[in-house]
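> could you work out the structure for the sequence below:
(2 chains)
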Amino acid sequence: MANGTTSKNVWARDLFEWIDARFPLSALWKSQVAEYYAPKNFNFWYYFGSLALVVLVLQIVTGIFLTMNYKPDALLAFASVEYIMREVSWGWLIRYLHSTGASFFFICVYLHMFRALLYGSYRKPRELTWLMGVAIFLCLMAEAFFGYLLPWGQMSFWGAQVIVNLFAAIPFVGESLAIWIRGDYVVGDATLNRFFAFHVIAVPLVLLGIVVAHLMALHETGSNNPDGVEIKKHLDPRTGHPVDGIPFHPYYTVKDLFGAMVFLFVFAIIAFFLPEFGGYFLEHNNFIPADPLKTPPHIAPVWYFTPYYSVLRATTDDLKWVIAIAAVLFMVWAFLRRGGNAVRMTLLGAGAVVLVALYLLEAKVWGVILMGASVLIFAFMPWLDRSPVKSIRYKGWMYKLALAIFVISFLVLGYLGMQTPTNTLTRIAQVGTILYFAFFLLMPWYTSIDKTGTPPERVT
Amino acid sequence: MSTSSQATLPHGAAGDDEVDQGRRNLLVATCVAGGAATAAAAWPFLASMEPSERARALGAPVEADISNLEAGAMMVVEWQGKPVWVVRRTPAMLDTLKKDEAQLADPLSKRSSQPEYCQNIWRAREEKKDILVTVGICTHLGCSPTAKFAPGDPGMGSGWEGGFLCPCHGSRFDLSARVFANFPAPDNLPIPRYKYLSEQRILIGDDKA
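Got it, this is the predicted structure:
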């Protein structure tokens, strides 16, 4: 950088040198951007990481301006949002960008995660990048949940009521824990005020920290690619750079800028013309002020939470029997498997713990456990996948089928989570829940017997 | 990141390989004491999230006037920020309470929360068993169920005798706020302590004579 020597930019070069002697500016630029070699075969699916970053910045900027007019007070909050929408100059735009941004954050993150499932990006040596990603996902869910209470509409109130009561399901300490989280015996002013604190400072700080760590870990191992082969295995003997790698800048900065442009085009159409998105991005019932005495006749979380919400609702006494059968089958398998006695006893013990917990804990607690598990189970992906290859391009039909079934059950659960429960729909959600978990829990089995192709030496 | 040099760290006194056990113990003790102090310092912050004195002081008993409550109708009063329902049940509604016991999760309210004088199939004071007073908060995850009093309500399937439906997760309750089996809510709706101040006035939250 700053190699120009004409008299015009001598001062600029001097300034850079002055900074570089005090801060590793050019070193950081080189190692993280200009000389970070990324595989040359990135495709469409590789847009969503950078797009998530674009949305993160958008959320922070719009969020800062929203706090200038928002009032975190149970008596004033609802009206202050309407004030922003109707009387603050351009307030409607800032608010719609923020609310549309929330949904698009999840769209980007879900597609980014799907990319990892396609190409095995979670596999060794990128396990930590993946785990930090799961942590980001959890933070994002917390951030969305806290933020959703702030407009203090009916859905805000009853959504928070339900989620905080999830903690009350924990045996013995649950009730006190729920009161501690709310700061009151019901969701009220104290709850709103603290959720505001979490939403605008506590969670974003943690989120930003993990995002930086996620990128640092990624740049340490280097990015995966659609072929799932390690480009670091083939280095150019002259330069020492991977022969199948290209510098992130300018090649991928330009590609990502193009992606961001297309993305912002779509984003603007929705933010300007369809900001409520038919009740999916901003729910109709949330335009009614919170009423602690009356739950709206139909309540559902925002679309990005509905798959997990379906799992929660699907967990009835019937489903406990399915879990019990699965635990017994697991114990039979653990008993028959070859290998050390210590491992066998541990596995048998784990099965027994599940059976005892099924006997002791009611379906309500199990609903909370399964809902939490449906999110956290992603963290185990690096160790559940036993396939000799990373990318779906070289995996056999079993993984492809399993992934297809998983995506369909995720979408069906998502749809069902928005519907009023009926007996039939609950049955479908139960099947969806079983298939959802089967994708993960059976993965060690089907990925190890699946017939895989041979990945190429170099990227294709 | 630029590769940081693995230069040898500056060592203190001579005899680098030997650990000065006295200093090491002091170091460990300091870390333990510092850790304990830090953990103790977290307490005021965590405790500040408990309900404040003001929040604790609220929750006084409230009065409900049922003189305008018609048979088969329901009214809602706010007590401790929660909805409390008062339902005046018709004889036909009371009749359903004996028939549905087989379908309930806790028909005798053994594991549910109510004052001892309400542990009967009406879940009400014996002297006025047509009046149901209950906290309208689902024991599953805290939504407020909706009244579905009409028998055979098309949305509720065949054999529906009237009761309540929780809109959030579909739990169903009968006209004594007892939960039906195989729905997510584990317990019947709680009955608060209450007493009659007069024929038409109920005090909710207090039953001392």
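> sort out which residues of the helix or strand bottoming out on mean pLDDT in chain B are buried, please.
When each helix and strand of chain B is scored by mean pLDDT, DSSP states H and E, helix B:53-57 comes last, with a mean of 83. Buried residues in helix B:53-57, counting neighbours by 16 or more other C-beta atoms under 10 Å in any protein chain shown, are found at B:Ala55. In this view, the C-beta of every residue, glycine as well, is placed from N, C-alpha and C.
> so is whichever helix or strand comes after that helix next to chain A?
Proceeding N to C from helix B:53-57, the next assigned helix or strand is strand B:62-65, under DSSP states H and E. No. Shown here: strand B:62-65 not in contact with chain A (C-beta under 8 Å from any C-beta of the partner chain), separated by at least 12.4 Å.
> report the buried residues of strand B:62-65.
B:Val62, B:Ala64.
> ok and the residue in the stretch 1-150 of chain A nearest chain B?
Distance from chain B to each residue of the stretch 1-150 of chain A (C-beta to the nearest C-beta) is smallest for A:Ala27, at 4.6 Å.
> what is the burial count for that residue?
Counted with other C-beta atoms under 10 Å in any protein chain shown, the neighbours of A:Ala27 add up to 14.
> go ahead and measure how far stretch A:73-89 is from the middle of the chain.
30 Å (C-alpha atoms, centre = their mean, to the nearest Å).
> no, scratch that, I was asking about stretch A:330-346
34 Å.
> follow-up on the earlier one: contacts for the least confident helix or strand of chain B?
If you take C-beta atoms under 8 Å, 6 or more residues apart in numbering or on different chains as the criterion, helix B:53-57 is touched by A:Gly183, A:Asp184, A:Tyr185, A:Gly188, A:Ala190.
> so which of those are in helices?
A:Ala190 (DSSP state H).
> out of the contacts of helix B:53-57, which are close to chain B?
Counting by C-beta under 8 Å from any C-beta, the members of these near chain B are A:Gly183, A:Asp184, A:Tyr185, A:Gly188, A:Ala190.
> show me which of those are buried.
A:Gly183, A:Asp184, A:Tyr185, A:Gly188, A:Ala190.
> what sits against B:Val76?
Contacts of B:Val76 by C-beta under 8 Å, 6+ apart are A:Leu293, A:Lys294, B:Pro83, B:Val84, B:Trp85, B:Val86, B:Gly136.
> kindly report the same for B:Glu70.
Contacts of B:Glu70 by C-beta under 8 Å, 6+ apart are B:Arg88.
> what separates it from A:Arg344, distance-wise?
67 Å (C-beta to C-beta, to the nearest Å).
> with A:Phe114 instead?
Taking C-beta to C-beta, one finds A:Phe114 at 36 Å from A:Arg344.
> how many neighbours does residue 113 have?
Just going to use chain A. With other C-beta under 10 Å as criterion, A:Met113 counts 19.
> my bad, the chain I had in mind was chain B
Using other C-beta under 10 Å, B:Ser113 is surrounded by 14 other residues.
> what's the answer for B:Phe45, then?
8.
> avg pLDDT for the one helix or strand it maps to?
Using DSSP H and E, B:Phe45 sits in helix B:21-47. Throughout helix B:21-47, pLDDT has a mean value of 95.
> now stretch A:173-185
Average pLDDT, stretch A:173-185: 91.
> residues touching it, excluding its own?
So stretch A:173-185 is contacted by A:164-165, A:167-168, A:170, A:188, A:190-191, A:193-194, B:46, B:49-52, B:55, B:59, B:80-82 (C-beta under 8 Å, 6+ apart).
> also stretch B:92-99?
Residues contacting stretch B:92-99 (C-beta under 8 Å, 6+ apart): B:Gly72, B:Ile121, B:Trp122, B:Lys129, B:Asp130, B:Phe149, B:Pro151, B:Glu161, B:Gly162, B:Asp174, B:Leu175, B:Ser176.
> just the buried residues from the residues you listed, in ChimeraX please.
Selection of buried members from the contacts of stretch B:92-99 for ChimeraX, criterion 16+ other C-beta under 10 Å:
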select /B:121,122,129,149,161,162,174,175,176
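> between the contacts of stretch B:92-99, which is nearest chain A?
Looking across the contacts of stretch B:92-99 and measuring by C-beta to the nearest C-beta, the closest to chain A is B:Phe149, at 14.8 Å.
> contacting residues for the closest one?
B:Gly72, B:Met74, B:Met93, B:Gly162, B:Gly163, B:Leu175.
> wait, A:Phe104 touches A:Val54, no?
No. Taking C-beta atoms under 8 Å as the definition, A:Phe104 is not a contact partner of A:Val54, at 9.2 Å.
> what's the overlap in contacts for those two?
Overlap of the contact sets of A:Phe104 and A:Val54 (by C-beta under 8 Å, 6+ apart) is empty.
> just to revisit the earlier point, between the contacts of helix B:53-57, which is nearest A:Gln430?
Lowest distance from A:Gln430 to the contacts of helix B:53-57 (C-beta to C-beta) belongs to A:Tyr185, with 33.6 Å.
> and the closest residue to A:Phe272 other than its chain neighbours, how many neighbours does it have?
Excluding its sequence neighbours, the residue lying closest to A:Phe272 (C-beta to C-beta, 6 or more residues apart in numbering or on different chains) is A:Tyr96, at 7.7 Å. A:Tyr96 has 20 neighbours, counted by other C-beta under 10 Å.
> just the closest residue of the stretch 301-450 of chain A to chain B, please.
A:Pro421 (3.7 Å).
> which SS class is the residue lying closest to that residue once chain neighbours are set aside?
Residue nearest to A:Pro421 in three dimensions, not counting chain neighbours: B:Gly170, with 3.7 Å by C-beta to C-beta, 6+ apart. Taken by DSSP: H, G, I helix; E, B strand; the rest coil, the conformation at B:Gly170 corresponds to coil.
> quick check: B:Gly170 touching B:Phe183?
Yes. Contact criterion C-beta under 8 Å: B:Gly170 and B:Phe183 qualify, at 6.3 Å.
> so where does residue 84 fall, helix or strand?
Let's take chain A. In this assignment (DSSP H and E), A:Ile84 forms part of helix A:77-86.
> ah, no, chain B please
strand B:82-88.
> where do the helices of the stretch 1-150 of chain A begin and end?
Ranges of helices in the stretch 1-150 of chain A, per DSSP state H, counting those that start in this stretch, are A:10-20, A:25-29, A:48-67, A:77-86, A:91-119, A:127-149.
> list the contacts of residue 108.
You didn't pick a chain, so chain A it is. Residues near A:Cys108 by C-beta under 8 Å, 6+ apart: A:Phe48, A:Leu51, A:Ala52, A:Val55.
> think we crossed wires, I meant chain B
B:Gln119, B:Ile121.
> which of B:Gly170 and B:Phe183 has more neighbours?
Using other C-beta under 10 Å, the more surrounded residue of B:Gly170 and B:Phe183 is B:Phe183, with 22 against 19.
> so what's the more buried one scoring on pLDDT?
84.
> try B:Ala7
pLDDT recorded at B:Ala7 is 50.
> and B:Gly81, by the same measure?
82.
> my understanding was that A:Gln161 contacts A:Val187; is that so?
Yes. The pair A:Gln161 and A:Val187 passes the contact test of C-beta under 8 Å, sitting 5.0 Å apart.
> compare the two (neighbour count), which wins?
Of the pair A:Gln161 and A:Val187, A:Val187 is the one with more neighbours under other C-beta under 10 Å, namely 30 against 26.
> any low-confidence regions in the chain?
Looking at chain A here, since you left the chain open. A:1-8 (pLDDT under 70).
> looking at chain B here, not the other one
B:1-16.
> strands along that one, start to end?
Ranges of strands in chain B, per DSSP state E, are B:62-65, B:74-79, B:82-88, B:131-135, B:146-148, B:163-165, B:172-173, B:194-196, B:201-204.
> of all those, which lies closest to A:Asn69?
Of all those, strand B:74-79 sits nearest to A:Asn69, with 30.2 Å by C-beta to C-beta.
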